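>>> need a 3D model of the following:
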Amino acid sequence: MRLLPVVPSVLLLLLFMAGPVVWAIVISFSNSALTGRFAKDPEWVGLDNYTRLLADPAFPLSLLLTIAFVIGSAIIGQNLLGLGLALLFGRVNRTTRALVSTAVVAAWVLPEIVAAFAAYAYFADDGTLNQLLAGLGIDGPNWLFEYPMLAVVLANVWRGTAFSMLVYEAALGDVPPEISEAATVDGASGMQRLVWVTLPMIRGAIATNLMLITLQTLAVFTLIWVMTKGGPGVASTTLPIFAYQEAFKFQAIGYGSAIAVVMIVIGAAFSIAYIRALRPEAQR
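Next comes the predicted model:
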């Protein structure tokens, strides 16, 4: 009876989260299409979509771009910048802390479509960044054409750093100050205290944060679509863009679903790695 109150929530999760995942897996084994004969009567094709995907020359590049996007903007960018800001807040006054927090969180609370257009306006050929560079006498490149992945990585770092910052700020607040003070008395430097005292004590927060931002970044679509539409050519076509184009531009719903299932597998692999990192050494 104690579990009865959570039954509606579990049912909603199954309906709106597990349901679409299961349906995508089922559809990935068919030749379902957006229009035409196979839209009404799709046929079971087994592993044909996955065989086609492995033979598709666009897939390895899309997979590589996705991994680079996740590592660059989430694991390195958001994670390290968020940790750095959280550590910095312990050394600055309240006013500076409030100003920086507000500036960082403002990007995070914006609707994704608004943040995407703001990033597009910043990195466009005649956008804010090139205007600032022109004021310094520097002729800036067309960022979205010449360096599309760098632009979307930086935009996603700007967009999502606040989450990591808040997670680490809360985690660092739970670290007993007397432990760090004891390390200082023993002669540990600031870097040594960080590496050997602070980071091990917030390992759980690090793994949890990495898992969440990795899954969020793996599914980023709007930001990239608004800024580059996966271009120029396929230079910024990550797996979400690739799946969207195949499913809706080329109307191959079954093939697009197979790409989405690959994304689920990649996300599951990252999640398992992070969950293992959360387990105490004695349970390994």
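
>>> show me where the stretch 151-284 of the chain has helices.
Secondary structure of the stretch 151-284 of the chain (DSSP state H, counting those that start in this stretch): helices located at 177-185, 190-193, 199-201, 203-218, 222-227, 239-244, 253-278.

>>> so which of those helices comes closest to G137?
Go through these one by one with C-beta to C-beta and the one that ends up closest to G137 is helix 222-227, at 26.6 Å. For the C-beta atoms, the positions are set from N, CA and C on the backbone; glycine is no exception.

>>> may I have that closest one exported as PDB, CA atoms only?
C-alpha atoms of helix 222-227 as PDB (Å, rounded to 0.1, in the frame of the first residue of the first chain):
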ATOM      1  CA  THR A 222      17.400  22.600 -31.800                       C
ATOM      2  CA  LEU A 223      20.700  24.400 -31.100                       C
ATOM      3  CA  ILE A 224      22.500  22.800 -34.000                       C
ATOM      4  CA  TRP A 225      19.500  22.900 -36.400                       C
ATOM      5  CA  VAL A 226      19.000  26.600 -35.900                       C
ATOM      6  CA  MET A 227      22.700  27.500 -36.200                       C
END
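
>>> point out where the stretch 1-150 of the chain drops to low pLDDT.
1 (pLDDT under 70).

>>> please name the residues that touch M227.
116, 119-120, 123, 144, 148, 151-152, 155, 236 (C-beta atoms under 8 Å, 6 or more residues apart in numbering).

>>> picking that back up, for the helices of the stretch 151-284 of the chain, which one sits closest to S32?
helix 253-278 (4.3 Å).

>>> that closest one - what's its average pLDDT?
For helix 253-278, mean pLDDT rounds to 90.

>>> now for that helix, which elements pack on it?
On a contact count with 3 or more C-beta pairs under 8 Å, 6 or more residues apart in numbering; DSSP states H and E, helix 253-278 meets helix 19-27, helix 48-55, helix 58-70, helix 203-218, helix 239-244.

>>> report how many residues lie close to the residue nearest to F89 when sequence neighbours are not counted.
If the residues on either side of it in the chain are set aside, F89 comes closest to R97, at 4.9 Å by C-beta to C-beta, 6 or more residues apart in numbering. By other C-beta atoms under 10 Å, 16 other residues sit near R97.

>>> now the element after the helix or strand hosting R97, going C-ward?
Per DSSP states H and E: R97 is located in helix 94-109. Downstream of helix 94-109, the next assigned helix or strand under DSSP H and E is helix 112-123.

>>> show the subsequent helix or strand relative to that following helix.
helix 128-135.

>>> which strands and helices sit next to the following helix or strand past that next one?
With elements assigned by DSSP H and E, the helix or strand that comes after helix 128-135 is helix 143-146. Under the contact criterion of 3+ C-beta pairs under 8 Å, 6+ apart, helix 143-146 touches helix 112-123, helix 148-173.

>>> 6 Å instead, please
Of the remaining helices and strands, none touches helix 143-146 by 3 or more C-beta pairs under 6 Å, 6 or more residues apart in numbering; DSSP states H and E.

>>> for it, buried residues please.
The neighbour-count criterion (16 or more other C-beta atoms under 10 Å) identifies 143-144 as the buried residues of helix 143-146.

>>> alright, I will stop here.
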